[in-house]
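**Q** Coordinates only, no sequence provided:
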C-alpha cells in the first residue's frame, strides 16, 4: 500500500479518527516527516476510511491509523488487488521514503514507552503528583517539561543520557504545591550542546519519583 506513486509527487494518506490516540498518532507521523525531511507530503484524512484492517481496532476503542499511497486523493494504483500488483510497478524512491518514515515512527514509539509501570504511574496520579510528557517531542533545540506537586517538597529534576549519567540539573529546590513548567535548551551543566538522542528526565521529591523519555534531534 505504500509502493505506488504514479505521478511521483510524494503524497501519502494517513487515515485517522478521534478514537483513543489515533489522531495523536497521525500527528506524530506528520511531525516526524517534518523533522527528518523525508520529502513526502502527508494528507491527513479525519474521519478516515474504515475500509481496511485497522477498523477492527477502532471498533474496540484502540489506537490505529491507515498509512498508505494517495489512494483516495487521485493516485490510485490501477493494479490494486490484481495479479499485476507487482514490484516492477513500484516507485522505489517513494517506497524507500515511506519505509523510512514508518521505521522512524515505530522507533520513536518504542523509545518512548513509559519508564515506570502503568500501575505505578496511576498511584502517583492518584496522589496528586503528575509528571507530564515534554513538548514538543521530538524537539530541537528547546522543550518544556510540565509537572504538578501535591504538596511542598524538596524537588530535583534532572536530565540523563542512555547510560544513566546526569547531563543537566534543571531544578534543585524546595517548591510549594502547584503546577510548574521547566524549559531545557539541549545543553549540559557546562553550557555545551548535547548530541541528538534519547534522554530521560527524572523528577524526584520527598515521597515520589517519576521518569519519562524524550528525543532530541539536531
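**A** Nice, I can see it. Since this is a predicted model, take the numbers as computed values, not measurements.

**Q** all contacts plus neighbour counts: C-alpha atoms, from now on.
**A** Will do.

**Q** domain ranges for the chain?
**A** Structural domains annotated on the chain: 11-111, 118-216, as defined by automatic domain parsing.

**Q** need those domains in a markdown table with distance to residue 1, mean neighbour count and mean pLDDT, can you?
**A** Below are these laid out as a markdown table (distance: least, Cα to Cα, whole Å; neighbours: other Cα atoms under 10 Å; pLDDT from 0 to 100):
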| stretch | distance to residue 1 | mean neighbour count | mean pLDDT |
| --- | --- | --- | --- |
| domain 11-111 | 5 | 16 | 89 |
| domain 118-216 | 27 | 16 | 87 |
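
**Q** Turn those into a markdown table, columns for distance to residue 4.
**A** Output for those, formatted as a markdown table (distance: least, Cα to Cα, whole Å):
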| stretch | distance to residue 4 |
| --- | --- |
| domain 11-111 | 5 |
| domain 118-216 | 29 |
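
**Q** mind listing the helices in the chain by residue range?
**A** 22-36, 55-59, 92-111, 118-126 (DSSP state H).

**Q** could I get these as JSON lines with distance to residue 211?
**A** As requested, the helices of the chain are arranged in JSON lines below (distance: least, Cα to Cα, whole Å):
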{"stretch": "helix 22-36", "distance to residue 211": "21"}
{"stretch": "helix 55-59", "distance to residue 211": "29"}
{"stretch": "helix 92-111", "distance to residue 211": "13"}
{"stretch": "helix 118-126", "distance to residue 211": "10"}
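
**Q** Nearest to residue 192, out of those?
**A** Closest of those to residue 192 is helix 22-36, at 22.3 Å (criterion: Cα to Cα).

**Q** Quick test: name the residue nearest the centre of the chain.
**A** residue 28 (5.0 Å; Cα atoms, centre = their mean).

**Q** how distant is stretch 134-149 from the center of its chain?
**A** The chain centroid and the centroid of stretch 134-149 are separated by 12 Å under Cα atoms, centre = their mean, to the nearest Å.

**Q** nope, stretch 62-73 is what I was after
**A** Counting by Cα atoms, centre = their mean, stretch 62-73 comes out at 18 Å from the chain centroid.

**Q** Endpoints of it, how far apart?
**A** 26 Å (Cα to Cα, to the nearest Å).

**Q** what residues does it touch?
**A** Stretch 62-73 is contacted by residues 1-5, 11-17, 19-22, 25-26, 43, 52, 54-55, 57-58, 75-77 when judged by Cα atoms under 8 Å, 6 or more residues apart in numbering.

**Q** returning to that earlier point: now do the same contact list for the residue nearest to the centre of the chain.
**A** Contacts of residue 28 (Cα under 8 Å, 6+ apart): residue 105.

**Q** ok, now residue 161?
**A** Going by Cα under 8 Å, 6+ apart, residue 161 touches 167, 198, 199, 200.

**Q** any idea how far it lies from residue 15?
**A** Separation of residue 161 from residue 15 (Cα to Cα): 35 Å.

**Q** again, but for residue 177
**A** Taking Cα to Cα, one finds residue 177 at 42 Å from residue 15.

**Q** Just give me the closest of the contacts of residue 161 to residue 182.
**A** residue 200 (14.4 Å).

**Q** and that closest one, what are its bridge partners?
**A** Counting by DSSP bridges, residue 200 forms beta bridges with residue 160, residue 213.
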